[in-house]
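A.B. asks: sequence plus the predicted model coming up.
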Amino acid sequence: MSPRPGFVLDVDRSTPPTLMWHGEGFRLERLPTGSRIVYPSEPFEPIEDADFAIRQALENPMGDSAPLSALLRAGMKLTIAFDDVSLPLPPMRAPDVRQRVIEAVLDQAAAAGVDDVVLIAALALHRRMTEPELRHALGDRIYDAFAPHGLLQQHDAEDPENLIHLGLTDQGEDVEINKRAATSDLLVYVNINLVAMDGGHKSVATGLASYKSLRHHHNVHTMQHSRSFMDQRHSELHSSNWRMGRLIAASGVKVFQIETTVNNDPFPEQFSFLAKREWEWNLRDRAAFLAVSASVNRTPERIKRNIFNSMRSPMGLTSVQAGEVEAVHAATTEQVLREQLVPVEGQADVLTMGLPYICPYNVNSVMNPILVMCLGLGYFFNMYRNKPLVREGGVVIMSHPTPWAFDPVFHPSYIDFFDQVLSDTTDPKEIETRYEESFATDPWYIHLYRTGHAYHGVHPFYMWYWGSHALAHLGRVIIVGGDSSAVHRLGFKSASTLSDALEMARDVVGPHPSITHLHNPPMLMAEVT
Amino acid sequence: MKALLFERSLPRYAAARAASSVAPGSGARLGPLHLTEVEEPALPGPDWRRVSPTLAGICGSDLATVEGHSSRYFEPVVSFPFVPGHEVVGELADGGPDDGARVVIEPVLGCAARGIDPSCGACASGHTGNCERVAYGHLKPGLQTGYCSDTGGGWSSSLVAHHSQIHLVPDSMSDEEAVMVEPTACGIHAALAASPSGTALSGATVAVIGAGTLGLTVITALRRFLPPGLLLAGAKHPEQRRLAASLGADQVLDPEALIRGVRRHTRSMANGAVLTGGADVVIDCVGNAESIDSSLSMVRPKGRVVLAGMPGAVKIDLTSLWNREVSLAGAYAYGVETVPGRAPARTFDLAFELVAEAGLGRLVGARYPLDRFPDAIAHASAAGRRGTVKVVFDLRPASRRPTWRSA
C-alpha cells in the first residue's frame, strides 16, 4: 500500500488532542475548533537492497559525469568528503548511509588501485565529531583503516595551511575551501539529504569552506532574502552557494556528488505514536504514549537527555543518485519534496509547533535557548514554499522547555552570545554589525573549535540569523512551558499553557485568530497558496 | 534619647550569626542590637558639635556587624556599647555657629578628633582613613563614628562630631543626596585605587564585581574621574544591572558571566578557570571568598585587584596571585585623592561633587523609622533582590518626610 500523502485537518469537536513535542517530552494539546493541523505524509517505503542501489547509482551517473569507476585510476589523489554529525536526525541505525556509500566508493577505489585516499568530515564551522560519532557514521572498518594513519580528517576552517582561495564569484564572494579536497584529482562528496536546503553545491561550498567564504551567505541579508531558504527557487542562500559551486567547478575541482534521501521515519517502534495521526492511535499507541510520558516525567533531565540522545532512527534509504552536482541535486530535491510537500491553502494568524529535543546542532547535547530559536524560527518556520504558514505580523507559538542550559564543551561561544549579546540586543542586523567579527576572530573560540569539540565562535550568530526572516515577519513569538528567564532573554513571551499563549496572541492578531498547527514528526514542507 | 544600641553580648552575637546564616536579615531580631533609651553622648571637647541625624544609612559593614559576621580584627578598634550609623546627614543642634545647618559627617575618628598632636603620618598627609591611632587619644577606641561608645552614631537622635568631621551641605542638595556622600566617598576612594600612580586608565579594561551601593558608586566614580577604556560590571539583580549601565558601565553581566565577558573583551585564553590575560584592574565590591577568587581569575598577569568590599575571614587559593604577579590592594574609607588632571582633593569634596552631578540621591530606595529596625535590616540584607540600593533610617519629623508622591 502506498503511503498516504500529507494533508490539512480541520479541527472540530471530535478531534482528539494533538500531540506536540516538548523537548524531551510531549504535550497533548486541544486546539480550538476551527484550527487547522498540517500533517506530513506517511513514510515512503525504503529501498530493499540499499547496497545494490548505491552501486547502480555509482555506475549510472547523472549529468555529464562518467561512472565513478571510470574516474578512478592508480596514482590519483582521491578525497572523500561526507556530511557531519548534524545529519541525519536522529542519528540512524547502523549501518549509516554514509558508511554504505563510502564502502562502495572505497571498494571501487581499491579495485582501481587508488592508494592516496583521504576522508574528510565536512564540518564547515560545526564542532569536530567525536570518535564514537565517526565510528557510527563510517563504521569501524573504515575508521580503523583510516583514522590511525591520519587519513580520516575533519575539515578545519581555521587552518590557513590547508585552505585554498579559488577566487571570487561574479558577486565578489570569496571562495576558499579545503586545500586537500580542492587539489585532489577527484573529490567525492557523500551527502544525506533530510530537507530541501541540504546538498547540491552547498555540500562543498559550505561544508568545506572557511569563515571568509561562509560569511558571504551566512548573514542577515541573505537569510532575510531567502523566502524561504528551504525553497531553492527563492533562496539567496541557495543562489550564493550555486555561484560558489560553479566557481569551484570552473577552477578545475572535479566533484563527484553522491546524494541520498532517507524516508520520513525518524523514530523507533516504541515511539511510533509520534508519527501517527492521533485519531488513529490504537490501544498499543495509547499505552506506549502513557508509558513514555510517565517515564520521562519521572526521569531526571540529564538521564532523560541521554536516553533520547541514544535513540537511533530506523529511517531507510529512499533514493541515491550520483554524478554531476546540479543534475544529482535536482533529482534529490524532487525526491525530498515528493515525500515532504503538503499543499496548504492560505496563511494563518497564529502558527503553533512543538519542538523536539534535537536539532542539527545539539546532537548528543542539550538544546540551548539559541538553538530553540533556530529550530523554531529558522527551520520550522521556513519549511514552506511560496509564503509562510503564518501571515506577516502574525504569531508563532512554540512548545519547548527552553532551559537556561548550555553544553560548555560544544557551545562555549553560545554561552557568551546569550550572556553578552542577547542581553544587549536581539536585533539580528545590530548583532551582526556590532558583535560578529569579535566572536568570529576570538582566538579562544578558534582554539576550542580546532582542538576540542566546540562550534566555531561565530556559529551562534548564524543560528540567530537563521531566524531573522521570521523575526522580521512576525508580530510576536511565544514559548509555552519554557524557562521564563531564558525566553525573555530571547526577546520572546513566555506562557505556561497553550491557552494562555493563544490569549496572548489575541493581543496581537485580534480576538478570533485563524490557527495552523505544524505537526511533527516527521517533517513536512508546506506549499502555501 | 532613642537609639539603636549594639552591646557586647557573645550569646546574642552568636544567635544573630546563627539566625542570619539560615535567613539573611534576621540577625537584628535576635542579636545584640536593640532599641533603647540612652543618654545623649557628652561633648568630648570644645571643638566638638552636637548633631541630630536626619537620615542614616545602613551599609554592608553595619550588616556584617548586626548579623554577627564581622571580623574579630575589629575588636580592638571598637568600643562597646556603641550606636551604629556612619552614613549620616544631620543638623547641628547645640546652639553654636550655624546651628540648624545641615551637615554630613566624615566618620573616621583620626588624630584630630582624638586630640592627638602631633598627628600620625597618615593623618598629617590627609589620609585619615589610614590613621594609626584609632584606638588611642582621649576617645575610646573606634575607627569611625558609629563604632565608638563616646561619639554615638547615626542610628539615634543625637551624636557628637569633631569639627574636622563636619561638612556643611549646600542648600541645593537634598537629604537623600547628602546621605549618599559618605558611601560615595568610599566608592571614589576605591575607584581611584585602581591607579595608585594617578595615571589615566583610558586604554585599560576595568571590571567591577558587585553592584550594590559600593559597586554603583565605584562605577560612577570611575566614569567621572578615571574613565577606563572598557568598564565591565557584574550585577546580580535587574535593578542593579539597569543602574550600573546608566551610571557608566559599558557592559553589565550576570556575576558568573563576568569572567567570560572579560575574557572575550580582552581576547584572552584560559588555563582552567583562570584567564591567561584579563582585565587590567578588577575592583571587588563584594568581598567574599568567591568574589576574591573570581577577581584573581579574571585579572591579567601583573594586574591589580582592589578589594573594596569588606571581606572578613575568607579562604582563598593565592597561587594565581603568586604565579601571575598580581597586586592585591585594599581600599577603605577616604582621605586625599589624586585625580588625573586635577589638584589633589579631599575625597569628601569629590563625593559632594559626584553625588550632585550623577544624581546619586536616587539610590536611596527605602526609609525606615528606628523602631522598625528589624525590618530595615532585613530589607537592607535583601536590598538587591528587592530592587533597592540604599536603605536608610529616617529620623526626620513626619512633616519633613517625603510623601509617597514626592518619594
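C.D. replies: Here it is on my side, so go on.

A.B. asks: need the next SSE after the helix or strand hosting A:I431, C-terminal direction.
C.D. replies: Secondary-structure assignment from DSSP states H and E places A:I431 in helix A:428-440. Next helix or strand after helix A:428-440 toward the C-terminus (DSSP H and E): helix A:443-451.

A.B. asks: list the buried residues of that next one.
C.D. replies: Buried residues in helix A:443-451, counting neighbours by 16 or more other C-beta atoms under 10 Å in any protein chain shown, are found at A:444-446, A:448-449. For every residue, glycine as well, the C-beta is placed using N, CA and C.

A.B. asks: low-confidence bits of chain B, can you list those?
C.D. replies: Along chain B, the parts satisfying pLDDT under 70 run over B:403-407.

A.B. asks: near chain A, which residues of chain B show up?
C.D. replies: Contact residues, chain B versus chain A (C-beta under 8 Å from any C-beta of the partner chain): B:251-254, B:257, B:260-261, B:263-264, B:267-270.

A.B. asks: and which of those is nearest chain A?
C.D. replies: Closest approach to chain A among the residues of chain B next to chain A (C-beta to the nearest C-beta): B:A257, at 3.9 Å.

A.B. asks: out of the buried residues of helix A:443-451, the closest to B:W155 would be?
C.D. replies: For the buried residues of helix A:443-451, the minimum distance to B:W155 (C-beta to C-beta) is 49.6 Å, reached by A:W444.

A.B. asks: for the closest one, list the residues it contacts.
C.D. replies: Neighbour list for A:W444: A:412, A:457, B:263-264, B:267-270 [criterion: C-beta atoms under 8 Å, 6 or more residues apart in numbering or on different chains].

A.B. asks: most neighbours among those residues, which one is it?
C.D. replies: With neighbours set by other C-beta atoms under 10 Å in any protein chain shown, the maximum within the contacts of A:W444 is found at A:G457, which has 29 neighbours.

A.B. asks: and the closest residue to that one other than its chain neighbours, what pLDDT?
C.D. replies: Of all residues not flanking A:G457 in the chain, A:Y445 sits nearest, at 2.9 Å (C-beta to C-beta, 6 or more residues apart in numbering or on different chains). Per-residue confidence (pLDDT) for A:Y445: 98.

A.B. asks: quick one on the thing from earlier: among the residues of chain B next to chain A, which ones are in helices?
C.D. replies: Mapping the residues of chain B next to chain A onto helices (DSSP state H) picks out B:257, B:260-261, B:263-264.

A.B. asks: center of chain A, which residue is that?
C.D. replies: For chain A, the residue nearest the mean C-alpha position is A:P360 (4.6 Å; C-alpha atoms, centre = their mean).

A.B. asks: the closest residue to that one other than its chain neighbours and chain B, how far apart?
C.D. replies: In space, and not counting its chain neighbours, A:P360 is closest to A:S86: 3.7 Å by C-beta to C-beta, 6+ apart. The gap separating A:S86 from chain B is 26 Å, by C-beta to the nearest C-beta, to the nearest Å.

A.B. asks: A:S86 and A:I358 touch, don't they?
C.D. replies: No: if you go by C-beta atoms under 8 Å, A:S86 and A:I358 don't touch, sitting 10.2 Å apart.

A.B. asks: next, the contact list for residue 21, please.
C.D. replies: Using chain A here. Residues in contact with A:W21 (C-beta under 8 Å, 6+ apart) are A:274, A:354-357, A:399-400, A:520-521.

A.B. asks: wait, I meant chain B there
C.D. replies: Counting by C-beta under 8 Å, 6+ apart, B:S21 has no contacts.

A.B. asks: quick check: it is in a helix.
C.D. replies: Yes: according to DSSP: H, G, I helix; E, B strand; the rest coil, B:S21 belongs to a helix.

A.B. asks: span of stretch A:454-474 from start to end?
C.D. replies: Its first and final residues considered, stretch A:454-474 spans 32 Å by C-alpha to C-alpha, to the nearest Å.

A.B. asks: quick check: buried residues in it?
C.D. replies: For stretch A:454-474, by 16+ other C-beta under 10 Å, it's A:454-471, A:473-474.

A.B. asks: okay, and which of these map to strands?
C.D. replies: Among the buried residues of stretch A:454-474, no residue falls in strands (DSSP state E).

A.B. asks: noted, bye for now.
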